[in-house]
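Trainee: got a predicted model here, sequence first, then my questions.
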Amino acid sequence: MSSSKRNMILGGGLVGLLAVVLVHYGNPANMGFCIACFIRDTAGALGLHRAGVVQYIRPELIGMALGAWLISLAKGDFKARGGSSPLTRFVLGFFVMIGALVFLGCPLRMVLRLAGGDLTAILGLVGFAAGIGLGILFLNKGFSLRKTYSLNKAEGFLFPAMQVAFFILLIAAPAFVFFSESGPGSMHAPVAIALIAGLLVGVVAQRTRLCMVGGIRDLIMFKDTHLISGFVSILVIALIGNLVTGRFSLGFEGQPIAHTDGLWNFLGMALAGLGSVLLGGCPLRQMILGAEGNIDSVVTFLGLLVGAAFAHNFGLASSGAGATANGKVAVLIGLAVVLVVGFMNMNTSSDVKMKGDVKLGA
């Protein structure tokens, strides 16, 4: 086993362990980490939506971005760049969030739900893989959002600075910031523990390039298990942790912050998977790339943030009762829009066709 794969497995194991620890200290069950859910909660805290049960500035997100930023500076990986179809990336980020909130979780939470015994996540995983498989067809036809350009270094510091501002708002808690008094937004680990966990995950994800989309994509395209091994490790360690702490509950019914509407679990994550593979990475990977100075990924983050606000302002997000009528329509529209984006950005000429040099987050 190569040292890089060993580091991937160890890093994934640490993420799985930290997810169990965060739930133990107060995060919602099967939600030690969920990038989509945490962005949604942060959007609510900032008043972008008024769903009172999901409003909290999540320190884990802040820690991940700052941890990745600091380690990228230390290792010479920080580079301000951007200009690769920013508005298209915003739209893709928007619909990735819609798909995730219809399923009720990002790819990372999907794995953590499985580790907690939530069998409703299986169809989400199948849909996610199907969406990635469809995205691979576009990659093989030369799909590209075009090259990035070097930017002023100060541009790359804006995303970490945004996280510092969020942290100040979290600690100061001014009247214009909203905090849930009930529901998932009210359930959280102490700030210090959540921030430290986020910092560690940010460092791990930056050094290993941890990405569920990349793992499934590389497994399908190249039979390469390097990236997927990190998520297998997350699953195994989180599963062991849940068994030890008595939080494992196998079944379909009564799972925390989940629903049993299998078709829309499948389609929601199919939308998230398709959009993410065209973006070049899952929401976690976009956070890490943004911290490294990739402004296109910051624009994607803003798309995710606005998507979360729309999901709750217009009744698109699911609940334990299942997907809403508005959410179902939004997923279908999202699939249509993302497919159009795929077709509009294909180039089958031999000089640009994507081959074995495809890299996530390049």
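Mentor: The structure has been received and is ready for your questions.

Trainee: where does the stretch 201-350 of the chain have low pLDDT?
Mentor: Residue ranges of the stretch 201-350 of the chain with pLDDT under 70: 348-350.

Trainee: hmm, 90 instead?
Mentor: 347-350 (pLDDT under 90).

Trainee: can you pull out the helices in it?
Mentor: Using DSSP state H, counting those that start in this stretch, the helices of the stretch 201-350 of the chain run over residues 212-222, 226-245, 262-279, 283-291, 295-313, 325-344.

Trainee: wait, which of the ones you listed is closest to S4?
Mentor: Between S4 and these, the shortest separation by Cβ to Cβ is 7.0 Å, and it involves helix 226-245. C-beta: built from backbone N, CA, C; applies to glycine.

Trainee: helices or strands up against that closest one?
Mentor: If contacts are counted by 3 or more Cβ pairs under 8 Å, 6 or more residues apart in numbering; DSSP states H and E, helix 226-245 sits against helix 3-24, helix 107-115, helix 212-222.

Trainee: tell me which of these is the most buried.
Mentor: Sort those by mean neighbour count, taking mean count of other Cβ atoms under 10 Å, and helix 107-115 sits at the top with a mean of 28.

Trainee: pull the residues that contact that one.
Mentor: For helix 107-115, the external contacting residues (Cβ atoms under 8 Å, 6 or more residues apart in numbering) are 15-16, 19, 30-37, 103, 105, 120-122, 124-125, 128, 212-213, 231, 234-236, 238-239, 241-242, 255, 258, 269, 272-273, 276, 282-284.

Trainee: quick revisit: looking at the helices and strands packed on helix 226-245, spot the one closest to A323.
Mentor: Comparing the helices and strands packed on helix 226-245 by Cβ to Cβ, helix 107-115 comes nearest, at 15.8 Å.

Trainee: picking up where we left off before, need the helices of the stretch 201-350 of the chain in JSON lines with distance to F167, can you?
Mentor: Output for those, formatted as JSON lines (distance: least, Cβ to Cβ, whole Å):
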{"stretch": "helix 212-222", "distance to F167": "27"}
{"stretch": "helix 226-245", "distance to F167": "26"}
{"stretch": "helix 262-279", "distance to F167": "26"}
{"stretch": "helix 283-291", "distance to F167": "14"}
{"stretch": "helix 295-313", "distance to F167": "16"}
{"stretch": "helix 325-344", "distance to F167": "32"}
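
Trainee: which stretch among those comes nearest V201?
Mentor: Using Cβ to Cβ, those put helix 283-291 closest to V201, at 8.4 Å.

Trainee: any chance you could list what contacts the closest one?
Mentor: For helix 283-291, the surrounding residues in contact (Cβ under 8 Å, 6+ apart) are 35-36, 39, 61, 64-69, 72, 93, 96-97, 100, 106-108, 159-160, 202, 205-206, 209-214, 276, 279, 281, 296-298, 300-301, 304, 360-361.

Trainee: re earlier: buried subset of the contacts of helix 107-115 as a ChimeraX selection?
Mentor: In ChimeraX syntax, the buried subset of the contacts of helix 107-115 is picked out as below (16 or more other Cβ atoms under 10 Å):
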select :15,16,19,30,31,32,33,34,35,36,37,103,105,120,121,122,124,125,128,212,213,231,234,235,238,239,241,242,255,258,269,272,273,276,282,283,284
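
Trainee: that older thread, of all the helices of the stretch 201-350 of the chain, which one comes closest to S2?
Mentor: Among those, the nearest to S2 by Cβ to Cβ is helix 226-245 (8.1 Å).

Trainee: and that closest one with helix 3-24, angle?
Mentor: 30 degrees (axes from the mean of the first three to the mean of the last three Cα atoms, to 10 degrees).

Trainee: measure the residue sitting nearest the centre point of the chain to F176 for me?
Mentor: Residue closest to the average C-alpha location in the chain (Cα atoms, centre = their mean): P283, at 2.8 Å. Distance from P283 to F176, counting by Cβ to Cβ, to the nearest Å: 26 Å.
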